[in-house]
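Chemist: This is the structure alone, sequence omitted:
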């Protein structure tokens, strides 16, 4: 978007610089052409700014809002990972006592380890179940969330380029000389350039 804005601002500046050129004061036809160009560039710049504002509202801002969900999502994943580590640590402790000879002290420690494991396992299973249920819904909903933004972006592009076609079509009609082909215009430009080159003030030393 910044490139579009920069280009249109540059085009407006060029047309303003041309209008302030002394040549326009001396040649009415040139002044008319530059004035038409300046009007077209200002129309383009105004419409471009409107497009930038529309994209900001319908695409960029929804993207930012969608991105704001990720910190909470990442935190839920981290909490699940921490619960998994705690579960694995206590599960390994239980398995260690289960492998030992079943003496009184070992059975007491095994019972205690299993009691410690139970709430930790339930906590992990709850967090894991929540992610398994909600993550697919989260990823599945992103298309529904972004579809209006994509549609707005496409419509904005269609309207923008249609308007650009109209602006430059109008400009072409104002500047165009009836009955002149591109080849004829090129020949005329070359002839005028040759005249300029023939002037002593631009002649090669």
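Modeler: Happy to help now that I have it. Since we're looking at a predicted model, the values are computed, not measured. Residues are numbered from 1 along each chain as shown.
Chemist: any idea how far the strand or helix carrying residue 39 is from the chain center?
Modeler: According to DSSP states H and E, residue 39 maps onto helix 28-55. Centre-to-centre, helix 28-55 and its host chain are 25 Å apart (CA atoms, centre = their mean, to the nearest Å).
Chemist: could you point out which element follows it?
Modeler: Following helix 28-55 in sequence, per DSSP H and E, is helix 61-67.
Chemist: what residues does that following helix touch?
Modeler: 142, 145, 146, 148, 149 (CB atoms under 8 Å, 6 or more residues apart in numbering). (C-beta placed from N, C-alpha, C; glycine too.)
Chemist: Report how many residues lie close to residue 108.
Modeler: 11 (other CB atoms under 10 Å).
Chemist: got the angle between the strand or helix carrying it and helix 28-55?
Modeler: Element membership for residue 108 (DSSP H and E) is helix 104-175. Relative orientation of helix 104-175 and helix 28-55, computed by axes from the mean of the first three to the mean of the last three CA atoms, to 10 degrees: 160 degrees.
Chemist: So which elements touch helix 104-175?
Modeler: helix 28-55, helix 61-67, helix 70-99 (3 or more CB pairs under 8 Å, 6 or more residues apart in numbering; DSSP states H and E).
Chemist: Buried ones in the longest one, by neighbour count?
Modeler: Of the residues in helix 70-99, those scored as buried under the neighbour-count criterion (16 or more other CB atoms under 10 Å) are 80, 83, 86, 87, 90, 91, 93, 94, 97.
Chemist: Residue 122 is in contact with the third one, correct?
Modeler: No - using CB atoms under 8 Å, residue 86 is not in contact with residue 122, being 11.6 Å away.
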